[in-house]
Structures are given as structure tokens and as C-alpha cells.
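# What follows is a predicted structure for the sequence shown.
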Amino acid sequence: GTNLIYDIIHTLDWAETSPDVGCVILTGTGKGFSSGGNVKDMHERTGMFSGGVDDIAAAYKATIQRIPMKFAELSVPVIAAINGVAVGAGFDLTAMCDIRLAADHARFGENFVNMGLIPGDGGAYFLQRVVGYQRAAELTFTGRLFNAKEAKEIGFLLDAVPADQLMDRATTLAQEIAAKPHYQVRQSKLLMR
């Protein structure tokens, strides 16, 4: 919910303003990475989904859309360690990261259209920058789910590994990045972005 949004923003703010931080790993707890927004709230039009279109747009701007804005200005590298299902806003969150690693059983989907929604949380912007416009269009317009093998084949993932190796792989890569001069890595990211 809203608390998680602010936790992500505050953590990224902390990392960005801490020159000793060389890399961040973003992962989920439990079986999945993130299944996105609260479908019950969407269906019942409660929480940030209450009110008219203008109310919902304002709620999005004040909450979840702050995440892609934060990622867009972030210079510290972020690795997504995707430990399971990442769909909807959860999928889009992984697209905001610089590097994506996943457990080989992970599943993905830009599935907003299946619920009569749009990827209004930043995914429409970030996904095409990861996989190209045409592939992003296909994934967005069909809302289909796909597995880690395909995610790697289309360039969404850097790698897919057995679940019990995911955090070791992410940590090893993060340590390799963090061992480099932080200022130069951060400036390189800003130039790439």
C-alpha cells in the first residue's frame, strides 16, 4: 500500500544521498516479488482507487507515480533480484531497475489491460526502454504472462538462475559494482539514462 511506496522512496533517497552506497538490491519477501496493486481496492473503488477519474489521477501522482520519478533521477545502481511472480506494478518496478536477475521459476506480466487498466505507474515509460517499443507494445497490448526463460531471451533479464542461487548472484554482482569508484559509476548511469 501507501506505506510501501514511501518506504521505497525513502530507501532510494537514503541510498542516493549516501556516497558510500555503491549499489542497491531490490527484492521481495516470501514466494513472490510483487503482484502489483490491490485488486480488491481497484474492484471496490476504495483507497487510492476511490472517487472519479480526476481523484484517482491525483492519488496516483501523490503516491505510486513518485516511484518512477525517483528512479528517473537516481544515480545509484539498482539490481532487481526477482524471487518470484512480478506482474502489474511489480513488473514495472523491476523495469525501473538497471539490472534484472530472476529465479528461474519467476513469471512476469504487463497485465493491466486484463483488468481494464493502464500501466499508469511508470511502466509505459520504462518497459520500452528495456525491451524496445515493439516488444513493450506486444506485452502491454496482450497482457500475457511469460516465464523467466522468455524474459531473458527478450533482454528483460540479464540472467535467470535457480531460486537458491538468486541472492548470491545478485550480491556478487552488487559487490563487483560497489567495488568500483562510486562517483564514476553514478555519473556513468546518469549519462546512460
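Yes, it's here.

# From residue 188, how far out is residue 83?
28 Å (C-beta to C-beta, to the nearest Å). Yep, even glycine has a C-beta here, placed from its N, CA and C like the rest.

# between the two, who's got more neighbours?
Shown here are residue 83 and residue 188; by other C-beta atoms under 10 Å, residue 83 has more neighbours (23 against 14).

# can you give me the helices for this structure?
Secondary structure of the chain (DSSP state H): helices at 2-16, 39-44, 53-62, 66-73, 89-95, 123-131, 133-142, 148-153, 166-178, 182-192.

# So which elements touch the longest one?
The contact analysis (3 or more C-beta pairs under 8 Å, 6 or more residues apart in numbering; DSSP states H and E) places helix 2-16 against strand 24-27, helix 66-73.

# Can you flag the weakest of those by average pLDDT?
Note on the helices and strands packed on helix 2-16: helix 66-73 shows the lowest mean pLDDT, a mean of 93.

# picking that back up, which one of the helices of the chain lies nearest to residue 104?
helix 148-153 (5.1 Å; C-beta to C-beta).

# Name the residues of that closest one that are buried.
Residues 148, 151, 152 are the ones in helix 148-153 that count as buried (16 or more other C-beta atoms under 10 Å).

# so where's this protein uncertain?
1, 34-51, 55-57, 61-62 (pLDDT under 70).

# Distance of the residue lying closest to residue 174 once chain neighbours are set aside relative to residue 156?
Leaving out its chain neighbours, the residue that sits closest to residue 174 by C-beta to C-beta, 6 or more residues apart in numbering is residue 23, at 4.1 Å. Relative to residue 156, residue 23 is positioned 20 Å away (criterion: C-beta to C-beta).

# likewise residue 142?
Counting by C-beta to C-beta, the gap from residue 142 to residue 156 is 15 Å.

# So between these two, which is more surrounded?
The neighbour comparison of residue 142 against residue 156 (other C-beta under 10 Å) goes to residue 156, with 23 against 14.

# Next, count neighbours for residue 173.
Neighbour tally, residue 173, other C-beta under 10 Å: 19.
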